[in-house]
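Undergrad: coordinates only, sequence not included:
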């Protein structure tokens, strides 16, 4: 079976967060946003027990708990989370914590003027603007709030309009999409999955699952292979391992990449309910009708990935990129894969914490934040538990390990062969020194090298591309090459026949 998620490099940080009374939910969100690591509550609690980390008691410092929750949650959400965590509190206590942190809801004219200066100073910082340019006003507000900057949405958007009118103009509403009425009885009833291939002409593919009820993004994968059955099966098994449950049903279009996933979903569901049929746990439909995930792709493209799509097409137009040219491919992937992963994961965390407003004309819409409706819903959770304990000898645990072994040979994080990636990283270090006097690291890029935000890091790309061509023509080691996606699913012959599953 594949190695379990390695949390040892983050053990000290996690234990420190626990000691400061950080909630488990916020630790999970931090690991996803900061390190792109997806784990579930069961995995986190299990690891804390292994580390013999002291468990919070009901008498833990409620002040610290509230302080950790304030950046991403309003008062009612905080009260709900604390109650579920076994540390109930009151609005009065939350107000007292805000006062202790000097978070004022009413300011004098002098304080408001100083606050405007503070907001402007944050927004004009090049390192921040490079990350927030494609954010809408609500996402921008949540982004700054998560940084500990407690300003109102109106204050931030007013100042940002003055600073970047070009960006605001580019975000004016376009044609409204027609939305169908969508109804779901509860979280984990249906996970909608599909791929986002707008960046596929440049070697970068995205795949995600969204919970139909809560609109919580269950997982998002950014890599070089989402169109293979091996990849999709591995993604789903990693999610099952992280959460220790599966949804009641999946919904996707009838793509060849979903055959192994449908078989996996069905085989695991059967052990929990022998009477279940494939139609009970997997739904097919047209891609355009899979509205939950298709709607999110449109939002993600506008908020995060659209700028890269336009920039990459401009490179192709200027004869600076051809997909079947290896130096072009490795140069683009070495620079932009880590950057896009970071941005998409960052936006996913923002999305999972954004408030969905009640809509009087659409009463079926579930208001609230996706993460609250996923983890702390007031309606029954329809999840189907899975025994993912690596030491368990239950029939389900053994089946789960067997399914994992089928795809253990594929590393979902790899996007370039190790020798090629190491060569690129060395070149980027030198290029950063050459252009800005400091190494360039795509995992944490120097904002001073971004250049035009609509053509981010173009100078770095063109220089790495030139070096890649020069090295390629020498024929010297390392021989530059691209990653080969996982294949062979056609030979596996899954037990489940999905050809008869009707579209719905």
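TA: The structure has been received and is ready for your questions. All figures in this text were calculated on a predicted structure; none of them were measured in a lab. Numbering: from 1, shown residues only.
Undergrad: List phi and psi for residue 431.
TA: Main-chain dihedrals, residue 431, degrees, to the nearest 10: phi -60, psi -40.
Undergrad: Identify the residue nearest it in space, chain neighbours excluded?
TA: Nearest in space to residue 431, with sequence neighbours left out and distances taken as C-beta to C-beta, 6 or more residues apart in numbering, is residue 463 at 5.0 Å. Yep, even glycine has a C-beta here, placed from its N, CA and C like the rest.
Undergrad: Tell me how far the strand or helix carrying residue 342 lies from the chain's centre.
TA: For residue 342, the element it lies in under DSSP states H and E is helix 326-352. How far helix 326-352 lies from its chain's middle: 11 Å, per C-alpha atoms, centre = their mean, to the nearest Å.
Undergrad: Where does the residue nearest to residue 431 sit: helix, strand or coil?
TA: Per DSSP: H, G, I helix; E, B strand; the rest coil, the secondary structure class of residue 463 is helix.
Undergrad: tell me the contacts of it?
TA: Applying C-beta atoms under 8 Å, 6 or more residues apart in numbering to residue 463 gives the contacts 431, 434, 435.
Undergrad: For the stretch 201-350 of the chain, just list every one of the helices.
TA: When secondary structure is read from DSSP state H, counting those that start in this stretch, the stretch 201-350 of the chain shows helices at 229-243, 259-272, 278-281, 291-300, 306-317, 326-352.
Undergrad: Against which helices or strands is the helix holding residue 342 packed?
TA: Under the contact criterion of 3 or more C-beta pairs under 8 Å, 6 or more residues apart in numbering; DSSP states H and E, the helices and strands touching helix 326-352 comprise helix 24-35, helix 137-146, strand 217-223, helix 291-300, helix 306-317, helix 370-375, helix 418-436, helix 458-474.
Undergrad: thinking again about what came up before, highest average neighbour count across the helices of the stretch 201-350 of the chain?
TA: Neighbour counts averaged per stretch over the helices of the stretch 201-350 of the chain are highest for helix 229-243, at a mean of 24; criterion: mean count of other C-beta atoms under 10 Å.
Undergrad: Figure out how far it is from the centre of its chain.
TA: Here helix 229-243 shows a centroid-to-chain-centroid distance of 15 Å under the convention C-alpha atoms, centre = their mean.
Undergrad: which helices and strands does that helix pack with?
TA: For helix 229-243, the helices and strands in contact under the criterion 3+ C-beta pairs under 8 Å, 6+ apart are helix 41-50, strand 205-211, strand 217-223, helix 259-272, helix 395-406.
Undergrad: average pLDDT across the longest one?
TA: Read that as helix 259-272. Averaging the model's pLDDT scores along helix 259-272 yields 92.
Undergrad: same question, stretch 334-350
TA: Mean pLDDT, computed over stretch 334-350, is 93.
Undergrad: Next: stretch 293-306.
TA: Here stretch 293-306 scores 88 as its mean pLDDT.
Undergrad: mean pLDDT lowest for which of the helices and strands packed on helix 326-352?
TA: When these are compared on average pLDDT, helix 137-146 comes out lowest at a mean of 63.
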